[in-house]
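**Q** Pasting the sequence and the predicted coordinates here, then a few questions.
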Number of protein chains: 2
Amino acid sequence: MKLLIVGGVAGGASAAARARRLSEEAQIVLFERGPDVSFANCGLPYYVGGEIAEREKLLVVTPERLRTRFKLDVRTRISVEQIDRSAKKLRVRDLSNGREYEEAYDKLILAPGAAPLRLPIPGIDLPGIFTLRNLQDVDRIKQRVDQGVKQVVVVGAGFIGLELVENFVRRGIATTVVELQEQVLPPFDKEMTTPIAEQLAAKGVSVLLGQSAEAFETTADGLMVHLKSGQRLPAQLVILGVGVRPDNKLAVDAGLKVGPRGGIRVNEQLQTSDPDIYAVGDAIEVKDFVMGEPTQVPLAGPANRQGRIAADHVFGHLSRYRGTQGTAIVRVFELTAAMTGASEKTLQRAKRAYRKVYIHPTNHAGYYPGAKAMTLKLLFDPTTGKVLGAQAIGGAGVDKRIDVLAVAIQASMTVYDLEEMELAYSPQYGSAKDPINMAGFVAGGILRGDHPQVDVDAVLSASPGTRAFLVDVRTSQEFAGGHIPGALNIPVDDLRSRLGELPRDRQIAVYCQVGQRGYLATRVLLQSGFNAVNIGGGFKTYKLFF
Amino acid sequence: MKLLIVGGVAGGASAAARARRLSEEAQIVLFERGPDVSFANCGLPYYVGGEIAEREKLLVVTPERLRTRFKLDVRTRISVEQIDRSAKKLRVRDLSNGREYEEAYDKLILAPGAAPLRLPIPGIDLPGIFTLRNLQDVDRIKQRVDQGVKQVVVVGAGFIGLELVENFVRRGIATTVVELQEQVLPPFDKEMTTPIAEQLAAKGVSVLLGQSAEAFETTADGLMVHLKSGQRLPAQLVILGVGVRPDNKLAVDAGLKVGPRGGIRVNEQLQTSDPDIYAVGDAIEVKDFVMGEPTQVPLAGPANRQGRIAADHVFGHLSRYRGTQGTAIVRVFELTAAMTGASEKTLQRAKRAYRKVYIHPTNHAGYYPGAKAMTLKLLFDPTTGKVLGAQAIGGAGVDKRIDVLAVAIQASMTVYDLEEMELAYSPQYGSAKDPINMAGFVAGGILRGDHPQVDVDAVLSASPGTRAFLVDVRTSQEFAGGHIPGALNIPVDDLRSRLGELPRDRQIAVYCQVGQRGYLATRVLLQSGFNAVNIGGGFKTYKLFF
């Protein structure tokens, strides 16, 4: 067996190591265009900021280690130019000396990754404008920062963009982030990113939403970024973080099938349209685990698992890739944002029926010091209760809840299962009723009909004539500190004695701070014959929208 | 509907609140023997130590709040003396004035909890010897500590015992813990508690295992604790934390069925042998979710959910309790220990077939600063791969992995599912191959036969004649720093060139530090015709045992 692997980072390196474990005898050649293999892609922003102080920490495995330990024929600085599928060989070029040669294969695994998009706008190639993909990129960015940068503009407020923003602020640089969408972190639903936008502002970051760069030019002081709005931003450093594009040229040239957005098409065994050629990682199209549709999700975890699965199949093991859920997490200063499964906008785009709940719990028992607030949004099927997706934003414990929900999605669990989850509780780690249980209770209450809820965005987008009568059941102090316009304040403890103030010919939408008192109020009203609903997630959810 | 509830803490308070949400009209009376309802049981030790500074933080809900908000008839300082099942009424006594009266019910929920065991030994009732169950207990203990205690003896190294130990050390008290078992934290497997015992010793705690108190006596300086071993321990304060016993007197007197260990027998709807009487919380016998056997597990989370389910059923909702997994967690100084599902000793006792793996990952990417080590033990079915139990010990991230595995157990997932889990990764939170994936890979490797492993305890308990030939594949420096006696050192990178040194007529057991190099070495040897196995979890696991 002669196995060639193109690309030596996450998916390629995983495939190579796995292949060697499966076969001592196989000839395994790993081609990598750059000088490094298996580097810590996700750590690059923190090397710029200095949290990761030593460059060698970013080198997870060296080519030398792969050679000695895994008996791999690792060839760096090699560009793979062409696949000759009929002859089953590659034409490659050694970038260090320009020499070209051919290499035959029995099986081929493509792990070329994805390249940062470069916008086709004037000045895009000026010095000082960078993308971030590998160690060479980060060296260049860090060198410039070390030389002294007063102002940086980051184009794109996605994961990598915001990670870099945090690190530029850490370096004391005045930072502006420009995002085409009307929100930061576009994979999340917009309202869930409100706390992130607030956090960025609090840290002095200028966030320009709904804007884009249309040109760059050199100035005496560095660069000027021209936005479509006409605004101009001076900078000595510009980062483009507007997404990635599958590095599919080799595959396309060889006639392998690719999807509409360029991802290499693979089956569940990660074979391309040529069964002797596998593809893994950021370059491929995968199945969205929840939606069932083809998608492209550049994530390190899936890339690593795909490399392993492709190697398994090369050596005759039964193994299949189940699809990608899109579980992702990012730290933005003191906040953590994480998600798994489908977002609300994805469900809306696909016209798929769903319900949602918002809860605002703390990460652990409130009576123990240091409890941190979080907001958790849960999306689920309105008929079966199956969990479709979740997003959370907050402090400690966000990662745990999203991981728990990621498993729930993998296991096709329902909101009723969330109610019954037995999670670890002592006051430092959780609550007797964990946020996961609470989300299940609230969602289950909707589906069983004993807790009718309405979404705050739906209530407020209703026309004035049909809008529900709003009742704020918080205390008068809370009410005075801010409330939904037009709401009547009746504290929940007074509600039973003040039912006479409420209309019987109109729907009543009650709300409290997070939804819990509103739930009780709804129950009281329903059982007193009113047409009542609770505004899910209460005033805190309202504040995410407005 | 007239619903009486006996006991106002976790299960009882949950049942009462749920019942009111389900019915505005029901008459709901909550009887509580103490002056408080719904207090933070699990927070009591931290009030002694001062981490929870204000006593009122421990009062989750006051009786007054339950009255006004939930329209509950809360009666504290009431002892329920007798259940008259045929007449469907209770005889109760008001402890504040001694007055007795009767109260009729349509449905009754018993949530009496469990009482700390008091050992029947001489001097047990001397002043200065305490158990910890409620706020009155903690007031007494804290008062004594505040008055000045030089030495404390904690009898019992279970969860509450060790939580108190941590808090006594925090208060500067010389602390000794005496435990009958040969390990601390008896619900865990012994080897997993090694780091806890080391941590306790490092914090100056004297840990006496395999010992028990046989008498207490008063001295000029306070108390003297006599151990069975003859050892004597002076103390001014003694805590008994040797377990709890279901508070079942009311149920037994009423002829309700109880299990062999005293837990009140209930069906899946939490009905006792009298269908009008429910029982929830620490007083009941539950089904062990993994083993399917009846068991007693005093945990706050299950108690709360049971209260909810019982109330649901009272009001005609379909709801059932699925059983208890025993998910539990405890912090001991800087360490976290957590578990879910069956322990190895439980599986052994039940003669149930299982396999196990140990891994020693870090909580997040090693290249990012602050990664904390953990040890994760996974127990699974050797045929189906179904996850049966897990235990973890370490720093940050232990709670998350046990919660993920708790869900996996709930969903009847297998080790193959763990391999495919898509968990949130960025360097602050996890790794591209999360510890959960790694545990799945190692376990899957055993079941698929491509990674034959042997347990270190099995290797070393083999008789010298049949013992495998031991090969340590770590570096010579690591070997010099400590190794399994009798092992030959051949670093993994040299293995392929030194195969001639190994016997072909004997099983070879290789090991490294955590198992990963040993895995590669095993693959190299197997494919070179040797009879090789890897010692799961490597030298780090060996050190847990020896």
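**A** Alright, I've got the coordinates.

**Q** Name the residue closest to the centre of chain A, please.
**A** In chain A, the centroid-proximal residue (C-alpha atoms, centre = their mean) is A:Ala328; its distance is 3.8 Å.

**Q** these two touch, right, that residue and A:Ser343?
**A** No - A:Ala328 is beyond contact range of A:Ser343, at 10.8 Å (criterion: C-beta atoms under 8 Å). To be clear about C-beta, it is placed using only N, CA and C from the backbone, and glycine gets the same treatment.

**Q** and the residue lying closest to A:Arg448 once chain neighbours are set aside, what element?
**A** Excluding the flanking residues, the one nearest A:Arg448 by C-beta to C-beta, 6 or more residues apart in numbering or on different chains is B:His317, at 7.4 Å. In the assignment (DSSP states H and E), B:His317 maps to no helix and no strand.

**Q** Let me see the domain layout of chain A.
**A** Annotated domains of chain A cover A:2-113+A:245-314, A:129-242, A:334-448, A:453-545 [automatic domain parsing].

**Q** chain center to stretch A:352-371, what's the gap?
**A** 20 Å (C-alpha atoms, centre = their mean, to the nearest Å).

**Q** what's the spacing between the residue in the stretch 1-150 of chain A that chain B sits nearest to and B:Gly445?
**A** Among all residues of the stretch 1-150 of chain A, A:Glu24 sits closest to chain B, at 3.7 Å; criterion: C-beta to the nearest C-beta. Distance of A:Glu24 to B:Gly445, given as C-beta to C-beta, to the nearest Å: 16 Å.

**Q** cool, A:Ser463 as well?
**A** 62 Å.

**Q** Those two - which one has more neighbours?
**A** B:Gly445 (22 against 6; other C-beta atoms under 10 Å in any protein chain shown).

**Q** For that one, list the residues it contacts.
**A** B:Gly445 makes contact with B:451, B:453, B:519, according to C-beta atoms under 8 Å, 6 or more residues apart in numbering or on different chains.

**Q** Could you count how many residues lie near the second one?
**A** For B:Gln453, the count of nearby residues is 23 (other C-beta under 10 Å).

**Q** would you turn the domains of chain A into a markdown table with distance to B:Val415 and mean pLDDT?
**A** Below are those laid out as a markdown table (distance: least, C-beta to C-beta, whole Å; pLDDT from 0 to 100):
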| stretch | distance to B:Val415 | mean pLDDT |
| --- | --- | --- |
| domain A:2-113+A:245-314 | 14 | 96 |
| domain A:129-242 | 30 | 97 |
| domain A:334-448 | 14 | 97 |
| domain A:453-545 | 37 | 95 |
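
**Q** Compare the ones you listed and give me the one nearest B:Ser229.
**A** domain A:334-448 (31.6 Å; C-beta to C-beta).

**Q** Determine how far the last residue of the closest one lies from the first.
**A** 37 Å (C-alpha to C-alpha, to the nearest Å).

**Q** need the residues of the stretch 351-500 of chain A near chain B, please.
**A** Those residues of the stretch 351-500 of chain A that sit near chain B, judged by C-beta under 8 Å from any C-beta of the partner chain, are A:365, A:367-369, A:399-400, A:402-404, A:406-408, A:410-411, A:413, A:417, A:419-430, A:432-434, A:437, A:441, A:448, A:450, A:492-493, A:496.

**Q** Narrow those residues to those that are buried.
**A** Neighbour-count burial (16 or more other C-beta atoms under 10 Å in any protein chain shown) is assigned, among these, to A:365, A:367-368, A:399-400, A:402-404, A:406-408, A:410-411, A:413, A:417, A:419-430, A:432-434, A:437, A:441, A:450, A:492-493, A:496.

**Q** helix or strand for A:Ala197, which one?
**A** helix A:194-202.

**Q** which outside residues touch that helix?
**A** In contact with helix A:194-202 (C-beta under 8 Å, 6+ apart) are residues A:162, A:165, A:177, A:183-185, A:207, A:209, A:332-335, A:337, A:375, A:393-394, A:543-545.

**Q** Mind giving me the PyMOL command for buried ones among those residues?
**A** Remark: buried members of those, expressed as a PyMOL selection using 16+ other C-beta under 10 Å:
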select buried, chain A and resi 162+165+177+183+184+185+207+209+332+333+335+337+375+393+394+543+544
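
**Q** In helices, which of the contacts of helix A:194-202 appear?
**A** A:162, A:165, A:543-545 (DSSP state H).

**Q** picking up where we left off before, buried residues in the helix holding A:Ala197, which are they?
**A** Neighbour-count burial for helix A:194-202 [16+ other C-beta under 10 Å]: A:194-197, A:199-200.

**Q** Nearest to A:Asp125 among those residues?
**A** Using C-beta to C-beta, the buried residues of helix A:194-202 come closest to A:Asp125 at A:Leu200, 28.7 Å.

**Q** residues contacting the closest residue to A:Val314 other than its chain neighbours?
**A** The shortest distance from A:Val314 to any non-neighbouring residue, by C-beta to C-beta, 6+ apart, is to A:Lys107 (4.7 Å). Taking C-beta under 8 Å, 6+ apart, we find A:Lys107 in contact with A:1-4, A:276-278, A:314.

**Q** So what does the residue nearest to the centre of chain A look like in phi/psi?
**A** For A:Ala328, the backbone dihedrals are phi -150, psi 160 (criterion: degrees, to the nearest 10).

**Q** Any idea what it is bridged to?
**A** Assessed by DSSP bridges, A:Ala328 has beta-bridge partners A:Met339.
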